[in-house]
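1. Quick one, what's the 3D model for this:
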Amino acid sequence: MKKLFELPNLLILLITIILFSCGGSQDIQKKRMTVTTNSDEARELFYQALDADEGLNWQVSENLLKSALAKDPNFIIAKALLNSGFVNNPNLKVLADINNNSLNKVSEMEALFIKAYYQRASGDNKESRDTMKELTEKYPDISLFWLHSGILKSIGGGGDINDAISDLEKCLEVDPNNYGANAFLMAKHMVVGTLGRMLPVEERDLEVAKMHIDRMIEIDPNNSYGPTYAGNYERSKGNFEKAIDYYEQAGSIPSDDNLNLYQSNHYLALTNTFLKKYDVAESFFRTNIDIAEGGYQRQALWFMPSLHIFNSDFDRAIEATDEYIEKMPSLELSYILENNQLAGVHFHRFLAFSHNQQDQDSFNEIEQYAKFRMNVMEYNKSSMTEKQFENGQNWLNYQLVLLNAWHSILFGRYDDARESLSNASLFVDERVKENPDLQYPYFDINVFEGMIHLNEGDFNASLESFEKTKGKVGNGALNMDRVYFDYFHALALKGVGRNDEANQIFYRISNENFYGIGRALTRELASAQL
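-> Numbering: from 1, shown residues only. Below is the predicted model:
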């Protein structure tokens, strides 16, 4: 682990010390984005929505945006953010219409902010980052723009992670009370799951994460995410009883529609999983499935399969995905969100079937995954340029080639897997030609090649492939937990006799007390290697 007083952690520490020395939440007048509306009530509700989003209360933010639109149905930026990745899955049709027809009706900063999120939804990630950079350069005293520039660089397809950190730190210079910037900086060092990419393992420092958590609690002691992430910190150190105390504290904070209670239930379920109290964990998820509404019900349905995989019960994991598919119509999700969720469920089913050695069932799930991803693309086709649609198709085809390679590997068909990876390489080569600055585009190919060599007993070749991924940030085109591939990397290290290095990885996987289907698949396997 990186020492606390090495750079860049020393810079983070100095910033934090300065913030703490000021004491509590500083009385700073936050400069707001200019927004275009004829309703003062709508404007105030919109600013409240921005503040809720900054405080990670995305459901509250979504509700406030809807309330703002109820006051002013022509509130363009409220409508844009409500249909973007700002609070929910984007509706490209709505965003494209606003981007193409309404940007001249709003202020320049509104137009650029909308454009950045439209570009993000369209898959133009670099253009989105460039647009946000234009905002920070033109309006460097508005913390919102630094925050969301850092967020866009933190999430999938983002830019350099150190650039993200720099923008988030700049946000804190402009607004020392910015809850969201502290949260996203914290998540560079500690597993959270919803706050973007982490630093490479060797650069993470839990104590830096803890400093940001302490600052979050100081800024807003009534925000449940402070004690929740304090619980995550304790859980990461194996202090489960302390973690439970924090999660119960978060649940006791009053909230509209019992959202904090449902959040508490969720994290108590996770903690009991790692205490191997699987029935207790399931009861917390079941409570949220039965009585929660919206995000926490959906979240419990999504997490339940992983719970059973942690318990090595693949049959019950499949049953849990069956339940989610069965309940999907009753959730009344938007078409795009429902199809994205179904694609994700079928990806989980692919993993469960394949790791339970059910060949044909596993293969069938690849087709289902493709169907629901394609449904989203077809829905958005009229709002995309021909090039954007073509790029989307090519990306989906690349994902399917990778899934076929993975499937072949898991069932011992290594020549078929190599053929798939050869096709994948052609796609990546073309992408690199078009954009030489891509952030490590060969990750998937390297890790799957490493798995092939490992299974064939060529440990040196396997290690060579896995070592190409060392120190890189991101989870690849399939967004699979890196820890899954770390397990096979450790097997390769063990195969060449580097047992101490292998055991360090096995120990980390065995004691990384966080969810993710990759962790679920490899946690007990890693423990067995120690």
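2. show me the contacts for residue 122.
-> Taking Cβ atoms under 8 Å, 6 or more residues apart in numbering, we find residue 122 in contact with 92, 96, 384, 388. Just so you know, the C-beta spots here come from the backbone N, C-alpha and C atoms, and that holds for glycine as well.
3. Turn those into JSON lines, columns for distance to residue 51, neighbour count and secondary structure.
-> Shown next, in JSON lines, are the contacts of residue 122 (distance: Cβ to Cβ, whole Å; neighbours: other Cβ atoms under 10 Å; DSSP: H, G, I helix; E, B strand; the rest coil):
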{"residue": "92", "distance to residue 51": "27", "neighbour count": "25", "secondary structure": "helix"}
{"residue": "96", "distance to residue 51": "28", "neighbour count": "19", "secondary structure": "helix"}
{"residue": "384", "distance to residue 51": "33", "neighbour count": "19", "secondary structure": "coil"}
{"residue": "388", "distance to residue 51": "33", "neighbour count": "18", "secondary structure": "helix"}
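4. ok, those vs residue 102, which is closest?
-> residue 96 (10.7 Å; Cβ to Cβ).
5. mind checking how far the closest one is from residue 152?
-> From residue 96 across to residue 152, the span is 19 Å (Cβ to Cβ, to the nearest Å).
6. again, but for residue 304
-> Distance, residue 304 to residue 152, by Cβ to Cβ: 31 Å.
7. what stretches of this structure score poorly on pLDDT?
-> Scanning the chain for pLDDT under 70 picks out 1-28, 156-158, 473-474.
8. give me that answer again for 80
-> 1-29, 88-89, 156-159, 193, 293-294, 437-440, 471-475 (pLDDT under 80).
9. and the most centrally placed residue in it, what are its phi and psi?
-> The centroid of the chain falls nearest to residue 194 when counting by Cα atoms, centre = their mean (4.2 Å). With angles defined as degrees, to the nearest 10, residue 194 sits at phi -120, psi 0.
10. Do a quick rundown of the helices in the stretch 51-200 of the chain.
-> Applying DSSP state H, counting those that start in this stretch to the stretch 51-200 of the chain gives helices spanning 58-71, 76-82, 92-101, 108-121, 125-138, 143-154, 161-174, 179-186.
11. Generate TSV for those, with distance to residue 201 as supplementary columns.
-> What follows is the helices of the stretch 51-200 of the chain, written out as TSV (distance: least, Cβ to Cβ, whole Å):
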stretch	distance to residue 201
helix 58-71	28
helix 76-82	34
helix 92-101	35
helix 108-121	27
helix 125-138	24
helix 143-154	17
helix 161-174	13
helix 179-186	16
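12. Out of those, which is closest to residue 469?
-> Of all the helices of the stretch 51-200 of the chain, helix 161-174 sits nearest to residue 469, with 15.0 Å by Cβ to Cβ.
13. For that closest one, name the packing helices and strands.
-> Under the contact criterion of 3 or more Cβ pairs under 8 Å, 6 or more residues apart in numbering; DSSP states H and E, helix 161-174 touches helix 9-22, helix 143-154, helix 179-186.
14. Show the subsequent helix or strand relative to the last one.
-> Think helix 179-186. Using DSSP states H and E, the helix or strand that follows helix 179-186 towards the C-terminus is helix 206-219.
15. Now do the SS call for residue 475.
-> coil (DSSP: H, G, I helix; E, B strand; the rest coil).
16. Tell me, how many residues neighbour it?
-> The local packing of residue 475 (other Cβ atoms under 10 Å) involves 19 other residues.
17. The nearest residue to it once chain neighbours are set aside: how many residues sit nearby?
-> In space, and not counting its chain neighbours, residue 475 is closest to residue 482: 5.6 Å by Cβ to Cβ, 6 or more residues apart in numbering. A count of nearby residues for residue 482, using other Cβ under 10 Å, gives 22.
18. Distance of residue 482 relative to residue 518?
-> Residue 482 is 7 Å from residue 518, by Cβ to Cβ.
19. Just the buried residues of stretch 106-121, please?
-> 106, 109-121 (16 or more other Cβ atoms under 10 Å).
20. oh, I was asking about stretch 267-284
-> For stretch 267-284, by 16+ other Cβ under 10 Å, it's 267-274, 278, 281-282, 284.
21. hmm, who's touching that stretch?
-> 228, 231-232, 235, 240, 243-244, 247-248, 250-251, 265-266, 285, 288, 300, 303-304, 307-308, 310-311, 513-515.
22. Check these for burial and list the buried ones.
-> Buried residues within the contacts of stretch 267-284, defined by neighbour count using 16+ other Cβ under 10 Å: 228, 231-232, 235, 240, 243-244, 247, 250-251, 265-266, 285, 288, 300, 303-304, 307-308, 310-311, 513-515.
23. So which of those belong to helices?
-> Using DSSP state H, the subset of the buried ones among the contacts of stretch 267-284 located in helices is 228, 231-232, 235, 240, 243-244, 247, 250-251, 265-266, 285, 288, 300, 303-304, 307-308, 310.
24. count of neighbours near residue 31?
-> 13.
25. so who does it touch?
-> 141-143.
26. again, only this time at 6 Å
-> Shown in contact with residue 31 (Cβ atoms under 6 Å, 6 or more residues apart in numbering): 141-142.
27. Okay, and it sits in which element?
-> Assessed by DSSP H and E, residue 31 sits outside every helix and strand.
28. Which residue, other than its chain neighbours, is closest to residue 389?
-> Distance criterion Cβ to Cβ, 6+ apart; nearest residue to residue 389, sequence neighbours excluded, is residue 381 at 5.6 Å.
29. Backbone torsions only: list them for that neighbour.
-> Dihedral angles (degrees, to the nearest 10) for residue 381: phi -60, psi -40.
30. ditto for residue 35
-> phi -130, psi 150.
31. Numbering from 18 from now on, please.
-> Shifting the count to begin at 18 puts that one at residue 52.
32. quick one: it from residue 128, how far?
-> Distance from residue 52 to residue 128, counting by Cβ to Cβ: 11 Å.
33. where exactly do the helices run in the stretch 368-517 of the chain?
-> All helices of the stretch 368-517 of the chain, identified by DSSP H, counting those that start in this stretch, fall at 376-397, 403-427, 431-451, 460-472, 476-484, 499-512, 516-528.
34. Any idea which of those helices gets closest to residue 275?
-> Comparing the helices of the stretch 368-517 of the chain by Cβ to Cβ, helix 376-397 comes nearest, at 31.0 Å.
35. what's the neighbour count on residue 528?
-> Neighbours around residue 528, by other Cβ under 10 Å: 14.
36. what's it in contact with, if anything?
-> Residues counted as contacts of residue 528 (Cβ under 6 Å, 6+ apart): none.
37. Many thanks, we can stop here.
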